[in-house]
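In: 3D model of this:
(chains A, B, C and D, ligands or ions: 6)
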Amino acid sequence: MTERINDFVLKIATVNGTGSASANGLLMKALFRMGVPVTGKNMFPSNIQGLPTWYEVRANLNGYMSRSGRVDVMVAMNAQTYQKDLEEVSPGGLLIYDSTWPRGDTLNRQDITVLGVPLAALCNEHFSVARIRILMKNVAYVGVLSALMGIDPDILRKLLEETFAAKPKLIDGNLKAIKLGYDYAMENFTCPLPVRAETMGDNAGHILIDGNSAAALGCVYAGATVGAWYPITPSTSLMDAFQGYCNRFRKDPETGENRFCIIQAEDELAAAGMILGANWSGARAFTPTSGPGISLMSEFIGFAYYAEIPSVFFDVQRVGPSTGMPTRTQQCDVMLCAFASHGDTRHPLLFPADPRECFEMAVMAFDLAERVQTPVFVLSDLDIGMNDWMIPELEWDDDYQPDRGKVLTPDELRKMEKFHRYLDKDGDGIPYRTYPGTTHKGAYFVRGSGHNRYGAYTEDADEYQDVLDRLLVKWETMRGLVPKPVLRKASRDTSFGVIAYGSSDGAVNEALDRLAEHDFHADYLRIRAFPFSDEVLEFLATHDTIFVVEQNRDAQLRSLLIIETPADDENLIRVLHYNGMPIPSDSVLNAVLDHIKPEVAA
Amino acid sequence: MTERINDFVLKIATVNGTGSASANGLLMKALFRMGVPVTGKNMFPSNIQGLPTWYEVRANLNGYMSRSGRVDVMVAMNAQTYQKDLEEVSPGGLLIYDSTWPRGDTLNRQDITVLGVPLAALCNEHFSVARIRILMKNVAYVGVLSALMGIDPDILRKLLEETFAAKPKLIDGNLKAIKLGYDYAMENFTCPLPVRAETMGDNAGHILIDGNSAAALGCVYAGATVGAWYPITPSTSLMDAFQGYCNRFRKDPETGENRFCIIQAEDELAAAGMILGANWSGARAFTPTSGPGISLMSEFIGFAYYAEIPSVFFDVQRVGPSTGMPTRTQQCDVMLCAFASHGDTRHPLLFPADPRECFEMAVMAFDLAERVQTPVFVLSDLDIGMNDWMIPELEWDDDYQPDRGKVLTPDELRKMEKFHRYLDKDGDGIPYRTYPGTTHKGAYFVRGSGHNRYGAYTEDADEYQDVLDRLLVKWETMRGLVPKPVLRKASRDTSFGVIAYGSSDGAVNEALDRLAEHDFHADYLRIRAFPFSDEVLEFLATHDTIFVVEQNRDAQLRSLLIIETPADDENLIRVLHYNGMPIPSDSVLNAVLDHIKPEVAA
Amino acid sequence: MTYIAKPRIDMPGEMLNEIGLKRRDYEGVLSTLCAGCGHDSITAAIVQAFWELSIRPKTVIKLSGIGCSSKTPAYFIEGAHGFNSVHGRMPSVATGALAANRDLVCIAISGDGDSLSIGFGQFGHVIRRNVNMLYIIENNGVYGLTKGQFSASADPGSKAKKGEVNRMKAIDPVATAIALGGSFAARSFSGDRDQLVPLIKAGVTHPGCAILDVVSPCVTFNDHEGSTRSYAYTREHYYSAIQTDFVPPSSEIKAKYDEGSTLPVTMHDGSTLLLKKTDPEYDPTDRSAAMKYLETHSRRGEVVTGLMFMNQGLPEMHAISETAVQPLTHMDFETLNPGSQALADLQKGLR
Amino acid sequence: MTYIAKPRIDMPGEMLNEIGLKRRDYEGVLSTLCAGCGHDSITAAIVQAFWELSIRPKTVIKLSGIGCSSKTPAYFIEGAHGFNSVHGRMPSVATGALAANRDLVCIAISGDGDSLSIGFGQFGHVIRRNVNMLYIIENNGVYGLTKGQFSASADPGSKAKKGEVNRMKAIDPVATAIALGGSFAARSFSGDRDQLVPLIKAGVTHPGCAILDVVSPCVTFNDHEGSTRSYAYTREHYYSAIQTDFVPPSSEIKAKYDEGSTLPVTMHDGSTLLLKKTDPEYDPTDRSAAMKYLETHSRRGEVVTGLMFMNQGLPEMHAISETAVQPLTHMDFETLNPGSQALADLQKGLR
Ligand SMILES: Cc1ncc(C[n+]2csc(CCOP(=O)(O)OP(=O)(O)O)c2C)c(N)n1
Ligand SMILES: Cc1ncc(C[n+]2csc(CCOP(=O)(O)OP(=O)(O)O)c2C)c(N)n1
Ligand code: SF4
Ligand code: SF4
Ligand SMILES: [Mg+2]
Ligand SMILES: [Mg+2]
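Out: Residues are numbered from 1 along each chain as shown, chains lettered A, B, ... in the order given. Ligands and ions are numbered 1, 2, ... in the order given. Next up is the predicted model:
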């Protein structure tokens, strides 16, 4: 067993509904407080109780955040998946199981270490209530790992005290369980293992957070007041978080009244209609959903595009098509969101890569939507949205003022001869709007049917085309307004490039470092928005071979690049990962190596 | 006024709800019976009564069917649009108006002939009932045109006798009105005009029909038994026609029972669900709709793709986005239908070019859907679907047997060890299915959630991907099964090409003939389906400059070509017409000329 | 939905309402509906009611779905913001608009197809949320704009213009609203302006979702012999269970009325509704009685009209969700944004 | 929806039904629902009922939407074809399946979220079409699968696990079905198998759309103090208006019963329903009375159960649309295709 200090993957296999979540969170936070860069990924089933669930913790001193493809330590608490879990352990790795029940001989593997701990037995001995026994089994393996992997017991204690500050008597029980596991390991195994954690700081200036919470926080800071939604995994926790933050920040101190209005709609069609209505009357309104929701909202999305109603849609992507795998991750709604609805439509997309960008892009989304008066999509995914990420603390500039776009004030209206809703006065394709309830003169009639530049109903061929053509001008304007891509230059000049977006970023960065060791160097452009800004066009123009890394089957962003830029088909190499697991760095590494092998050989 | 025999455009401007339809139909049919190739295009408003409506008849001895961009004779019955109608007449043309009311001097134009006929006065004089007077005004201008343009009065009489065989007394009234107009013209003008019709045969072997009727007939002949729909222009008349043909062909001669089941659903989502249910249990079921309907059906379409349920969708396209212009035509749902729904999805599309292909492709659609077990889209449009086209008679081969695809019989099942719904036994990516109600052994569970090749629920990464990858194999198989494109070779070798589809065909063919006169020659490939078969790839590979003619703003088919083939961006020149009017041949002609001018000059 | 603006000839001495506006100020562009369409009469009644109520046009929002009926918001209160949404989904748009700005006066127009087929789900849920709006269904038993197919409100036995007979049960929006726990459900007839105008006023004044089903004959597709939504049939089977008088807050009730048959209801804004009941025993505040009444009368083929049920006590959307009294759209950014310090404090808990 | 197949140990001497099948033959794969979930008891009752009715599994289709409840069709009648559709849209799929093949025996499972929120429109219209199926709503007042949000059936005043109280009106599927003119509306409780099994049989036998609302507690998210869908609350407020006995066609009625309180109803297939009424005056064939009854009792906070309304006389979908008695899927192509001559004749009219 080779030494791996602060560089390991720890995976815990349990059954959902047995309360392992808190135990796993405890492990994560403990490592975090030891200053070890850490991420946790939850692979849970689409059911409530009794099916296999996994939690994968990666600790990495270099701060690599993505999955790596290896498992150093496996805690196999679920008999149902024992075989599979055993196979998954990397050579030289370790597997810990509950030896209360003798394991079958199916479990022999010579190239790894297998340790049995009678967790159930220990807990049954020391705890009486059945439910407690089950819960404590989980806490007990935390103790075992604390001993084996050098996870600081004092930090664990401190964390428990913080968590259960409200109900102190829970603290003792948990501490007892930890001690059970800890002592057993100390007595029976040589601790600590070569694979272990060591305090390397305190991760000052960083936090642990999931993308949905961060996005919700962004909505609060953007000044969003109306949220309409229909529950759907993995977007549900976004609205839950928004509710929570609003309860904290948006209650009138005197009256306790809500300075927000959250509506659980009857379905996604209604949720979309509600945010259109709310944005139309002057609020900042949003809806979080996932693939199936976008499909259902398609008609309203086209309406918003054509009637030019600002609106913000969060699509926390999950595995499609159809119901697919609701608790697995993919980037599979890119094409849908870009062109949602019938007729000639096109919509701006933002691609956050981590919770920090979920926060920032939530704010950008509202500014962009109101500036260009169109629906804006924030394409997050289950990996970003629901997993625990370590990121630099979020920052807020108190001088920020929201960009409400071209809204005419009563004064401005008074000065005008007449108000026309869809006139392009500034040549940027963006017309002026007004809020209901403000002035008689600013009144206009929103419609999804044919209308001319004055906002009047029309069936005239030229008047209709006039408006549709202006929308293209607006689209061109948008190219200059969306967030620019992030360029990582290779250490030397190269004609190779990599393009990725969203949650693939970590995997790409790690893969590039490792490729550099193979003396392969590529510039990396992380695209953050559609339409594509000039920087994207330039990157495409200046690289001969570009690997486009995506978490979908059909290379959807690559399709957008080919349609919307002069980029050449053959130059864009597909690197696709779409089995529902967050993309691991080695899949990127290997894809690139496979492609360049000849050249490297040459 | 130059002579134009059997080569003119006659346009009639009226107010909708005044019953001009039958008068215009009378004109069309009369010209048809005189053996003149003729088409009629109806430009009607999205309202029921009182707004402007136009009917454009093109007679052309060479059989050109598209709009030409010119108007030789205008019958201006609508004061509201008088000015506009006057302007639209081509130099040297003729305008006829109702001189009962003196026209303003706004109406002066030196380069055309303006004839006044006191139609209202004549009818008020000879008819008493108000409603009749209004109707007969229309029939009266038919009389005027009969005299001026040499439309055979005997044929008119015969047509009226056929139409009103049931109510003979209507015949006399109509004949009287015709005579009023006819006599007035004879007495007051020199008849016939240089612009006129002359009998040139009887158009034997041809019929007049609209695409929706033909498609409905195709559904009857394909053996479709269940139709679910929600009314929407311009698809409504497809289901009306299906109902009509079923009443004629599908009533049990003894009992009068229906051998079909048409369900007017509560909305498009329900209509989609109904045809999935019906196809699943073994019927051939279809739904006709238009853009907004496809948007609403998106979720179910993705389900059908992933659960592999055959189903046929007719999208009679109208002007988008959103409600757009419901009574105008476009080809604007190509991208939507190709990739409808969230996740990685892709669907075969068929592009009929005229009513005859609506009939044939309706049948193909059911065969294809059941052969490959996936939703199939027939992309017609308002121009094809609702206008009157002259086409060669429809033919039917009584030896035709429907291709129900891979359906296991109880016998085959008995012989099998076990039935697995999603196994790829034949390597073509197409699995075997069974019908409910037949056998216990063939029972399986359809689901839109993750499933493996055996049809069982799964959340396993590899099992999930296995199925998604097979769907791509199936897609590849489909390329060989869809209808092949139609190639029109230029009279000499050329590296220029034109690609078009659907209702643009007529305009392209006429434009190519006229371009040949400019000594410009291009091969023309009419694409009839997506995915693209090898012939399409070859055409793309063998032409340097290809004009892609489409009736949408965003060059949607061109996008598909770029994404799905190696075709090069720069080689595909956009030729776009999207103002809602059927594409005229001169718009294609001019677009091509503009592009090649330098080269021609050179 | 037309571009033909009406010539605004202000006749001298035309009457002004309390805020100095003419009836004309409550009109819109010229109707493009068929001559004689019931919908136009409803538009006229709306103009009348809003003028009499002296509501400022700019405070009004008018919404609709898709259909001939849904075109009508363009024909009244030109000075109000309008939203002609998509088919059957108007209620969600209205809900969002009012969520953002609860001070807006909302009048929504729909059709029987728009509300009872594609829109049935949203119809049910806007009632359940008791969103504060007047929701008028212009009910003609057919899809007018798509040329006369039966709608879900077509009565069993009623004959279509082309002859076929509907055999499915009709969905009665009034009975459904009551069954769903709605707070206000009334029916009227486009041909009875005297009954319609006060009901519109009552609906606008009612603090919740007021469902007003108005029989509105389609002269082009459903006004023939055998139709149960024709002018003739409706007049013949017209049964006014309750006549409503609306007495604005200012003026006190002059006409004296008989206690037994007339029920005075004070609205939350101080105005009064006088409900003159044809059947003295009828009680428009008793939900189950109302349903039984509708059921029995409609079984007799009667078109029961009037304010069938009302309960001002039920909480509307904002009361339910405890939203601030000040409209959310009126709050300045500073009150809505917690600021950098709050963010820093929050993140202490995320380590 | 799981891949764990049940071990089929056939115990010797296990009882066989009329067609020689064991109870086991009506089971499905192993449930993955939470231990104690009410839905599993309903599954068991379905297995029991179909076994006792001796229905051939292959003639059955089982459909559902999305939700914990909608997973259950995988857990019964393995030999039947199953269709787990999309959220809230099952009724349309069932309608299409039966339009194609009217001989299929259709059992559909949905949840309160699946049917009363996203699916409310289709719920209403499948009732209106009176499609011949048994439509079970496994009603727990919450969205189980998405972790416990209130559904539209949550009672006002009921408390969520996290504490907040629902203040919106509940949609009662039974009252709604009756108000919409449904032909069969019943309610039961997952904990009362004796009442549930005969109601399932009655629903399967009923020639039309049988709505069966079953209170089915969610032990994980809605079985706590303050919930009105918990086992405890339901038992406490349980009110059985009618007890139903199902007597198959073959066997004649043995037990004698008191004319006043028991109503025998002969089903179209010859079987008999014995309705034992708690309130003698209650009449399950009187629509408005049924609605009034539900309204009054539910106002008292009672969970009224039993066969609340039934009318076998109403025409089901195929009767309405006069479809052939022979299933459309059984007709051979020759009967469906008019042939070339007919086409030629038809086109004579198109010149
Ligand atoms: C999604 C969608 N489906 C269908 C249509 C076509 N459509 C327009 S109006 C209408 C029905 C209108 O009926 P109703 O609401 O009763 O209004 P009416 O015309 O009778 O006043 C339909 C089906 C549409 N516009 N959008
Ligand atoms: C279009 C769509 N929106 C949302 C979801 C997420 N979702 C799955 S189940 C469910 C609610 C289920 O509630 P219910 O029908 O009451 O079933 P239960 O789990 O309570 O038995 C929701 C909202 C989905 N699957 N599809
Ligand atoms: S079609 Fe009917 S509903 Fe529409 S405008 Fe004409 S009369 Fe009114
Ligand atoms: S979450 Fe509730 S409804 Fe779902 S399985 Fe568990 S107990 Fe049943
Ligand atoms: Mg209508
Ligand atoms: Mg539920």
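
In: Helix, strand, or coil at C:Leu294?
Out: Under DSSP: H, G, I helix; E, B strand; the rest coil, C:Leu294 falls in the helix class.

In: What distance do you get for C:Cys37 to ligand 2?
Out: Distance, C:Cys37 to ligand 2, using Cβ to the nearest ligand atom, to the nearest Å: 38 Å. The C-beta positions use only the backbone N, C-alpha and C, and glycine is treated the same way.

In: Name the nearest residue to that residue, sequence neighbours excluded.
Out: Spatial nearest neighbour of C:Cys37, chain neighbours left out: C:Val219 (5.8 Å); criterion: Cβ to Cβ, 6 or more residues apart in numbering or on different chains.

In: can you check C:His297 too?
Out: C:His297 sits nearest to C:Val304 (Cβ to Cβ, 6+ apart), 4.6 Å away.

In: burial count for the one you found?
Out: 24 (other Cβ atoms under 10 Å in any protein chain shown).

In: just checking, next helix/strand downstream of the helix or strand hosting it?
Out: According to DSSP states H and E, C:Val304 maps onto strand C:303-310. With elements assigned by DSSP H and E, the helix or strand that comes after strand C:303-310 is helix C:317-321.

In: counting contacts, what elements does that next one pack onto?
Out: strand A:261-264, helix C:90-100 (3 or more Cβ pairs under 8 Å, 6 or more residues apart in numbering or on different chains; DSSP states H and E).

In: closest one to A:Glu476 among those?
Out: Closest to A:Glu476 of the helices and strands packed on helix C:317-321 is helix C:90-100 (Cβ to Cβ; 29.6 Å).

In: Find the helix or strand that C:Ile211 is a member of.
Out: strand C:209-215.

In: And that strand, what does it pack against?
Out: helix C:38-53, helix C:120-129, strand C:133-139, helix C:173-179, strand C:184-189, helix C:193-205.

In: Out of those, flag the one nearest B:Glu459.
Out: Using Cβ to Cβ, the nearest of the helices and strands packed on strand C:209-215 to B:Glu459 is helix C:120-129, at 30.7 Å.

In: That closest one vs chain A: in contact?
Out: Yes: contact of helix C:120-129 with chain A (Cβ under 8 Å from any Cβ of the partner chain) involves C:Gly121, C:Gln122, C:Gly124, C:His125, C:Arg129.

In: Give me the mean pLDDT for that helix.
Out: Helix C:120-129 carries an average pLDDT of 98.

In: ok, now stretch A:337-357?
Out: 98.

In: As PDB, could you dump the C-alpha coordinates of that stretch?
Out: Output of stretch A:337-357 as PDB, limited to C-alpha atoms (Å, rounded to 0.1, in the frame of the first residue of the first chain):
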ATOM      1  CA  CYS A 337     -32.500  25.400 -24.300                       C
ATOM      2  CA  ALA A 338     -30.700  27.100 -27.200                       C
ATOM      3  CA  PHE A 339     -33.600  26.700 -29.600                       C
ATOM      4  CA  ALA A 340     -36.600  25.900 -27.300                       C
ATOM      5  CA  SER A 341     -40.000  26.300 -28.900                       C
ATOM      6  CA  HIS A 342     -41.400  26.200 -32.400                       C
ATOM      7  CA  GLY A 343     -40.600  28.700 -35.100                       C
ATOM      8  CA  ASP A 344     -37.300  30.600 -35.400                       C
ATOM      9  CA  THR A 345     -36.200  31.100 -31.800                       C
ATOM     10  CA  ARG A 346     -32.900  31.300 -30.000                       C
ATOM     11  CA  HIS A 347     -32.000  31.900 -26.400                       C
ATOM     12  CA  PRO A 348     -28.900  32.900 -24.400                       C
ATOM     13  CA  LEU A 349     -27.400  30.300 -22.200                       C
ATOM     14  CA  LEU A 350     -25.100  30.700 -19.200                       C
ATOM     15  CA  PHE A 351     -22.800  27.800 -18.100                       C
ATOM     16  CA  PRO A 352     -21.800  28.000 -14.400                       C
ATOM     17  CA  ALA A 353     -18.800  25.700 -13.700                       C
ATOM     18  CA  ASP A 354     -19.200  25.600  -9.900                       C
ATOM     19  CA  PRO A 355     -21.400  27.000  -7.100                       C
ATOM     20  CA  ARG A 356     -19.500  30.200  -7.100                       C
ATOM     21  CA  GLU A 357     -20.500  30.800 -10.700                       C
END
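
In: Is any residue of that stretch near chain B?
Out: Yes: using Cβ under 8 Å from any Cβ, a contact is recorded between stretch A:337-357 and chain B, made by A:Phe339, A:Ser341, A:His342, A:Gly343, A:Asp344, A:Thr345, A:Arg346.

In: hmm, that stretch touching ligand 1?
Out: No: figure legend: stretch A:337-357 not in contact with ligand 1 (Cβ under 6 Å from any ligand atom); closest approach 9.8 Å.

In: now do stretch A:443-462
Out: No: taking Cβ under 6 Å from any ligand atom as the criterion, stretch A:443-462 and ligand 1 are apart, separated by no less than 8.9 Å.

In: can you check stretch A:303-323 too?
Out: No: against ligand 1, stretch A:303-323 shows no contacts by Cβ under 6 Å from any ligand atom, the least distance being 10.6 Å.

In: How far off centre is the helix or strand containing A:Tyr305?
Out: When elements are assigned from DSSP H and E, A:Tyr305 belongs to helix A:291-307. Relative to the chain's own centre, helix A:291-307 is displaced by 22 Å; criterion: Cα atoms, centre = their mean, to the nearest Å.

In: send the alpha carbons of it over as PDB?
Out: Only the C-alpha atoms of helix A:291-307 are listed here, as PDB (Å, rounded to 0.1, in the frame of the first residue of the first chain):
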ATOM      1  CA  GLY A 291     -35.100  18.800 -18.500                       C
ATOM      2  CA  PRO A 292     -38.800  17.600 -18.500                       C
ATOM      3  CA  GLY A 293     -39.800  21.000 -17.200                       C
ATOM      4  CA  ILE A 294     -38.000  22.800 -20.100                       C
ATOM      5  CA  SER A 295     -39.900  20.500 -22.500                       C
ATOM      6  CA  LEU A 296     -43.200  21.500 -20.900                       C
ATOM      7  CA  MET A 297     -42.300  25.200 -20.800                       C
ATOM      8  CA  SER A 298     -41.300  25.300 -24.500                       C
ATOM      9  CA  GLU A 299     -44.500  27.000 -25.700                       C
ATOM     10  CA  PHE A 300     -44.200  29.800 -23.100                       C
ATOM     11  CA  ILE A 301     -40.400  30.200 -23.900                       C
ATOM     12  CA  GLY A 302     -41.200  30.900 -27.500                       C
ATOM     13  CA  PHE A 303     -43.800  33.400 -26.400                       C
ATOM     14  CA  ALA A 304     -41.200  35.200 -24.100                       C
ATOM     15  CA  TYR A 305     -38.800  35.300 -27.000                       C
ATOM     16  CA  TYR A 306     -41.200  36.800 -29.500                       C
ATOM     17  CA  ALA A 307     -43.000  39.100 -27.000                       C
END
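
In: so, in contact with chain D or not, it?
Out: Yes: Helix A:291-307 lies within reach of chain D by Cβ under 8 Å from any Cβ, at A:Pro292.

In: Following the chain onward from that helix, which element is next?
Out: strand A:311-317.

In: what about the closest residue to A:Glu308 other than its chain neighbours, neighbour count?
Out: Of all residues not flanking A:Glu308 in the chain, A:Gln373 sits nearest, at 4.2 Å (Cβ to Cβ, 6+ apart). Residues contacting A:Gln373 under the criterion other Cβ under 10 Å number 25.

In: residue ranges with poor pLDDT in chain A?
Out: A:105-107, A:598-602 (pLDDT under 70).

In: Pull out the buried residues from the strand or helix carrying A:Tyr182.
Out: Using DSSP H and E, A:Tyr182 sits within helix A:168-188. For helix A:168-188, the neighbour count (16 or more other Cβ atoms under 10 Å in any protein chain shown) marks A:171, A:173-182, A:184-186 as buried.
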